[in-house]
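K.L.:
could you look at this predicted model? Sequence included:
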Amino acid sequence: MEPIKVTAAIIIKNGKVFIAQRSKDDELSGKWEFPGGKIESGETPQQCLKRELFEEFGIETKILDYFGESIFDYGNKPIHLLSYFAEHLSGELILQVHQNYKWIESGELDKIDWAAADIELAEQLKQRLTK
Ligand SMILES: Nc1nc2c([nH]c(=O)n2[C@H]2C[C@H](O)[C@@H](COP(=O)(O)OP(=O)(O)OP(=O)(O)O)O2)c(=O)[nH]1
Ligand SMILES: [Mg+2]
């Protein structure tokens, strides 16, 4: 089956990484993620990510460099997660779909209860940021 393409943002501010917790009525309830969402037809990954960050948090962002990817199958549908660094330009963060968010130190990246697809990505990010 063709994987579902999903974008994920790595937003870093004052040395801390932004992560969000999926909501209670979600398939991956309580798990933490790099926020983003499914790429819609005709969209580039960068356009998708900018749209998702506005829809989910009401923030304007600039999408920066590609970081890395992860392919994971939760059982019914493989997910191809594409991550990009992003800068928070403006707008107060307001949760629209998540139950919580936090800014974490890079050293905490391997201590989070991640959605399974994110574990490898978080590990790669920790190596990148702590070296
Ligand atoms: N955005 C995002 N999704 C992730 C991550 N890790 C992970 O397993 N996923 C999975 C959860 C979902 O099954 C799938 C799609 O992400 P999503 O629920 O954010 O999609 P979306 O914002 O477009 O929401 P919807 O329209 O489907 O409700 O990707 C991640 O770090 N970020
Ligand atoms: Mg989403």
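P.N.:
On my side now, so go ahead. Ligands and ions are numbered 1, 2, ... in the order given.
K.L.:
can you tell me the closest non-neighbouring residue to Gln46?
P.N.:
Excluding its sequence neighbours, the residue lying closest to Gln46 (Cβ to Cβ, 6 or more residues apart in numbering) is Ile63, at 4.3 Å. Where you see a C-beta, it was placed from the backbone N, CA and C, and this is true even at glycine.
K.L.:
so that neighbour makes contact with Leu49?
P.N.:
Yes - using Cβ atoms under 8 Å, Ile63 is in contact with Leu49, at 5.3 Å.
K.L.:
looking at these two, which one has more neighbours?
P.N.:
Using other Cβ atoms under 10 Å as the criterion, Ile63 and Leu49 rank with Leu49 on top: 26 against 19.
K.L.:
name the SS class of that one, please.
P.N.:
Following DSSP: H, G, I helix; E, B strand; the rest coil, Leu49 is assigned to helix.
K.L.:
got the contact list for it?
P.N.:
Applying Cβ atoms under 8 Å, 6 or more residues apart in numbering to Leu49 gives the contacts 7-9, 36, 61, 63, 84, 86.
K.L.:
I'd like these as CSV, with pLDDT appended.
P.N.:
Shown next, in CSV, are the contacts of Leu49 (pLDDT from 0 to 100):
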residue, pLDDT
Thr7, 98
Ala8, 98
Ala9, 99
Gly36, 98
Thr61, 98
Ile63, 98
Tyr84, 99
Ala86, 98
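K.L.:
weed out the non-buried ones from these.
P.N.:
Taking 16 or more other Cβ atoms under 10 Å as the criterion, what is buried in the contacts of Leu49 is 7-9, 36, 61, 63, 84, 86.
K.L.:
with those in mind, which one is nearest to His98?
P.N.:
Of all the buried ones among the contacts of Leu49, Gly36 has the smallest distance to His98: 11.6 Å, by Cβ to Cβ.
K.L.:
now this structure against ligand 1: closest residue?
P.N.:
As assessed by Cβ to the nearest ligand atom, ligand 1 sits closest to Gly37 within the chain, at 2.5 Å.
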